[in-house]
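Peer 1: sharing a model prediction with you, sequence too.
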Amino acid sequence: MTQGPLTTEAGAPVADNQNSETAGVGGPVLVQDQLLLEKLAHFNRERIPERVVHARGAGAYGTFTVTADVTPYTRAAFLSEVGKQTEVFLRFSTVAGNLGAADAVRDPRGFAVKFYTEEGNYDLVGNNTPVFFIRDAIKFPDFIHTQKRDPYTGSQEADNVWDFWSLSPESTHQVTWLFGDRGIPASYRHMDGFGSHTFQWNNEAGEVFWVKYHFKTDQGIKNLTAEEAEILAGKDPDSHQRDLREAIERGEFPSWTVGVQIMPAADAATYRFNPFDLTKVWPHADYPVIEIGKLELNRNPRNIFAEVEQSIFSPAHFVPGIGPSPDKMLQGRLFAYGDAHRYRVGINADHLPVNRPHATEARTNSRDGFLYDGRHGGEKNYEPNSFGGPQQTGRALWQPFDVSGGTGNHPTPVHAEDNDFVQAGNLYRLMTEAEKERLVANLAGFIAKVTRQDIVERAIGNFRNADADFGKRLEAAVQELRG
Ligand code: HEM
């Protein structure tokens, strides 16, 4: 606890924090009551814009430990030795709800990890799903508009959601996943995480590998049924957030076993699925998940606003040995996050304690801007300079990849077994009978709320394309609900 007398922002002692100053007893309030004016003005500015997506979340610090030698694949220093440990900060989130929304809802969960490495912060901004609804960043704002509040009704509308999904058949795989049992995790501790995109790893010799990250929960997968979630969301809107904090307070540190699927660069061109299409997984039979580490969360933030609300994660934060792939979604995200941070937290967001590097220091010539703390003192602020400032290394973080052809609005290339339905159908056929029944009931409950029959038919058509039995059952279930 802070000691000493209560003060104003400028540090002067406060005599009375209960009664504002008036002209006479019972008279009007005086402008000279600087404490009152300062308190009201500061209070009015307590909120910053919430994240446009993933507004609601919870975070914790922890440790990543390397458990396998991956130096044949990447030269990233934090992965260079078995047993090596790196501090992390992980923020979990839901996607569509606003800051005050309930946790126990059917929605993907964000799984954003910041590795504070000695070569700079590496952010892996993933979800609890291995795939996504769309495969091109240009569709993201439209997609999110359909998930958020309708401009006229002010509520999420089934019509908008299913209009967009039915007109975007590439969403069928992710929607099948989301309305299955894993669509409502019981807590942030009881779900897996994924980097989702394909990323580049490159080794000391400059060889390139494409990788996908997997974080397997050591707590075991636990989900809520739609009925359980409805009750919990009402009773305890903060269920996920509380569960995480209390588990860490009890010393029950949640952990995840970290693995990667690794594809040699030469495989990519002829792989049966486009490896850079975010609506597809790489079946484990093609590329097995190799265990590389352990992630443990063991420390709660002390101040939610400073450390969770103001935390920033960017898919563009790479370190030497790791880089982007040509996945069009990822490429769009490389711009979107830094831009969001500059708007939401400000140009000096990177300087905040939760965001700045912890195992090295940032040495840039960028200066000033709102809330600049003057950390650089009188140092020169340009490069090249002959006064001994920081210098470029001459070595790129990642290796170049070949491109061919003219510029254009090219769709994502299709490989031999690619179409929008094949992996959704495979997922459906993997489910037990009881899982299929719950999936169909969950989907039908939502589709039945759509007001236009043509949207309903188009939506069901996508699931029929994935699997005839899936489509048939869904049609019957929707018909029954709509009467
Ligand atoms: C092109 C598509 C996408 C765009 C333009 C986009 C954009 C954004 C933006 C603007 C934010 C808010 C950032 C902030 O205010 O700090 C955000 C948050 C987030 N996004 Fe995306 N997103 C996209 C796709 C995805 C995908 C595919 C995933 C996961 C695989 C994902 C995972 C997340 C997570 C986990 C957060 C929350 C990060 C945090 O905890 O601060 N997003 N996204």
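Peer 2: On my side now, so go ahead.
Peer 1: who's in contact with the residue nearest to Arg438 when sequence neighbours are not counted?
Peer 2: Closest residue to Arg438 apart from its sequence neighbours, by Cβ to Cβ, 6 or more residues apart in numbering: Asp181 at 6.4 Å. Where you see a C-beta, it was placed from the backbone N, CA and C, and this is true even at glycine. If you count contacts by Cβ atoms under 8 Å, 6 or more residues apart in numbering, Asp181 has them with Asn223, Glu435, Arg438, Leu439.
Peer 1: look up how far the ligand lies from the first one.
Peer 2: The span separating Asn223 from the ligand equals 19 Å under the rule Cβ to the nearest ligand atom, to the nearest Å.
Peer 1: list the contacts of that residue.
Peer 2: Here Asn223 is in contact with Asp181, Arg182, Gly183, Ile184, Pro185, Ala186, His190 (Cβ under 8 Å, 6+ apart).
Peer 1: my guess is Phe89 meets Ala58, correct?
Peer 2: No: using Cβ atoms under 8 Å, Phe89 makes no contact with Ala58, being 11.6 Å away.
Peer 1: out of these two, which sits in the busier spot?
Peer 2: Shown here are Phe89 and Ala58; by other Cβ atoms under 10 Å, Phe89 has more neighbours (25 against 21).
Peer 1: could you say which helix or strand holds that one?
Peer 2: strand 85-94 (DSSP states H and E).
Peer 1: give me the next element, helix or strand, following that strand.
Peer 2: Past strand 85-94, the next helix or strand by DSSP H and E is strand 109-117.
Peer 1: relative to strand 85-94, how tilted is that following strand?
Peer 2: On the basis of axes from the mean of the first three to the mean of the last three Cα atoms, to 10 degrees, strand 109-117 is oriented at 160 degrees to strand 85-94.
Peer 1: how distant is strand 109-117 from the center of its chain?
Peer 2: 8 Å (Cα atoms, centre = their mean, to the nearest Å).
Peer 1: quick one: contacts for the closest residue to Ala55 other than its chain neighbours?
Peer 2: Leaving out its chain neighbours, the residue that sits closest to Ala55 by Cβ to Cβ, 6+ apart is Leu99, at 4.6 Å. For Leu99, the contacting residues are Glu50, Ala55, Arg56, by Cβ under 8 Å, 6+ apart.
Peer 1: who wins for most neighbours among those?
Peer 2: Arg56 (25 neighbours).
Peer 1: list the buried ones in stretch 292-307?
Peer 2: Ile292, Gly293, Lys294, Leu295, Glu296, Leu297, Asn300, Pro301, Glu307 (16 or more other Cβ atoms under 10 Å).
Peer 1: re earlier: buried subset of the contacts of Asn223, written for ChimeraX?
Peer 2: Those of the contacts of Asn223 that count as buried under 16+ other Cβ under 10 Å are selected in ChimeraX with:
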select :181,182,183,184,185,186,190
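Peer 1: filter the contacts of Asn223 down to the ones close to the ligand.
Peer 2: Checked against the ligand using Cβ under 6 Å from any ligand atom, these give no members in range.
Peer 1: just flag the most distant two among the contacts of Asn223.
Peer 2: With distance counted by Cβ to Cβ, no two of those lie farther apart than Gly183 and His190, which are 13.3 Å apart.
Peer 1: the residue nearest in space to the middle of the chain - nearest residue in space that isn't next to it in sequence?
Peer 2: Centroid check for the chain by Cα atoms, centre = their mean gives Gly110 as the closest residue, at 3.7 Å. Excluding the flanking residues, the one nearest Gly110 by Cβ to Cβ, 6+ apart is Ser93, at 3.6 Å.
Peer 1: please apply the same query to Val422.
Peer 2: Per Cβ to Cβ, 6+ apart, closest to Val422 is Ala466, 7.9 Å.
Peer 1: near that neighbour, how many other residues are there?
Peer 2: 26.
Peer 1: which residues does it contact?
Peer 2: Thr172, His173, Thr176, Phe421, Val422, Ala424, Gly425, Tyr428.
Peer 1: out of these, who has the most neighbours?
Peer 2: Thr172 (29 neighbours).
Peer 1: state the pLDDT value of the closest residue to the ligand within the chain.
Peer 2: Residue nearest to the ligand within the chain: Gly110 (2.7 Å; Cβ to the nearest ligand atom). As predicted, Gly110 sits at a pLDDT of 98.
Peer 1: how close does it sit to Val53?
Peer 2: Distance check for Gly110 against Val53: by Cβ to Cβ, to the nearest Å, it reads 8 Å.
Peer 1: find residues that contact each of these two.
Peer 2: Joint contacts of Gly110 and Val53 (Cβ under 8 Å, 6+ apart) are Val95.
Peer 1: burial measure for the residue nearest to Val52 when sequence neighbours are not counted, as a count.
Peer 2: Closest residue to Val52 apart from its sequence neighbours, by Cβ to Cβ, 6+ apart: Ala340 at 6.8 Å. By the criterion of other Cβ under 10 Å, Ala340 has 18 neighbours.
Peer 1: what helix or strand is Ala340 located in?
Peer 2: Taking DSSP H and E as the criterion, Ala340 maps to helix 328-344.
Peer 1: off-centre distance for that helix?
Peer 2: The answer for helix 328-344 is 12 Å, by Cα atoms, centre = their mean.
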